[in-house]
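**Q** structure, please.
(chains A and B, ligands or ions: 1)
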Amino acid sequence: MERVDQQTLELAQTGDIAAFSVVVESCADQLYSLAFRFLCNGPEAEDAVQETLLRVYTNLPRYDGRFKFTTWVYRIATNVCIDRLRKRKLESSLDADRDDGEAEGTDWYDRLPGFSPTPEEELLRMETCNEVQRALADLPPAYQSVLILRYIQELSLQEISDIVHLPITTIKTRIHRGREAMKQLLMRLPVS
Amino acid sequence: MTCDEARTSMHFHLDGDDHLHVQNARQHTASCMHCERHMLDLREVEDRLRTLKRYAAPADLKERILLAVRDTTQKRPLRARPQMP
Ligand SMILES: [Zn+2]
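**A** Okay, here's the model as predicted:
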């Protein structure tokens, strides 16, 4: 995320929309990448970014500078994504009870009849179904989030520790176990 | 050093730590085929995670957010509000 200068941040804290648009510009792309890796779904990632930035706006007057601004934003974004994953899990278990037989395996564009994807969207879809992304999605959210913050957002262990409010030793343990789990999921496949 | 110990320590190696147990693990790995394989696999996991693409946010998303913000009220700053017991 790009740094937002102090003056702009203070203006945004008082509800200045032009200043807030600088904030949005500084972090929308990174937040979209983050949400996309959590949720594997374009429209849902967009919703998550919107929810994150509206929460950022609403709570901005209470941002006290104790953590870096980007750390504070990442914390909100991570919570939004994990909440959505939990809700999704709950819904899919309800769907399984109903046994309508199509709850899983359909993705956003399968659900739209007559929608023909552009090459870009097709690429996005293939990438969505990429096995690394699927393995990542199989991990519990606690492991998923540290791996995304570490390898997709390329944050330091200290920053991740500030974002999730856990000591670095815990972050390391999660990264270690996350890597082992990813290895299990990815390397089980025979090498051709 | 056992294989299990070496596999625990190699993660600290991947994190960039250089404690004595990490150095021992490196020595072990150099002479143990299984642990060497394990290390290569973990590196591959890292590489594959790093090469997942990053996408730019769709252009209209930012506009939609700024529209939605206009109808959103900010919370009051905490310090300005008297603390109720
Ligand atoms: Zn060994």
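
**Q** quick check: next helix or strand after the helix ranked longest in chain B?
**A** Under DSSP state H, the helix in chain B containing the largest number of residues is helix B:33-50. As assigned by DSSP states H and E, the chain's next helix or strand after helix B:33-50 is helix B:59-70.

**Q** elements contacting that next one?
**A** helix A:17-39, helix A:42-59 (3 or more Cβ pairs under 8 Å, 6 or more residues apart in numbering or on different chains; DSSP states H and E). Heads up, the C-betas are built off the backbone N, CA and C, glycines and all.

**Q** among the ones you listed, which is nearest chain B?
**A** Closest to chain B of the helices and strands packed on helix B:59-70, according to Cβ to the nearest Cβ: helix A:17-39, at 3.8 Å.

**Q** now find how far off-centre that closest one is within its chain.
**A** With Cα atoms, centre = their mean, to the nearest Å as the basis, helix A:17-39 stands 11 Å off its chain's centre.

**Q** kindly report the same for stretch B:39-46.
**A** Per Cα atoms, centre = their mean, the centroid offset for stretch B:39-46 relative to its chain is 15 Å.

**Q** hmm, that stretch in reach of the ion?
**A** No - using Cβ under 5 Å from the ion, stretch B:39-46 stays clear of the ion, with a minimum separation of 9.6 Å.

**Q** quick check: buried residues in that stretch?
**A** For stretch B:39-46, a neighbour-count test (16 or more other Cβ atoms under 10 Å in any protein chain shown) marks B:39, B:41-42, B:45-46 as buried.

**Q** low pLDDT regions in chain A?
**A** Applying pLDDT under 70 to chain A flags the ranges A:97-129, A:189-192.

**Q** which one's the longest helix in it?
**A** helix A:69-98.

**Q** quick one: list the elements packing against it.
**A** helix A:17-39, helix A:42-59, helix A:141-147, helix A:157-164.

**Q** quick one: which of those is nearest the ion?
**A** helix A:141-147 (24.6 Å; Cβ to the ion).

**Q** helices and strands around that closest one, which ones?
**A** Identification of packing neighbours for helix A:141-147 by 3+ Cβ pairs under 8 Å, 6+ apart yields helix A:17-39, helix A:69-98, helix A:131-138, helix A:157-164, helix A:168-187.

**Q** ok, A:Asp29 to A:Pro61 distance?
**A** According to Cβ to Cβ, to the nearest Å, A:Asp29 stands 25 Å off from A:Pro61.
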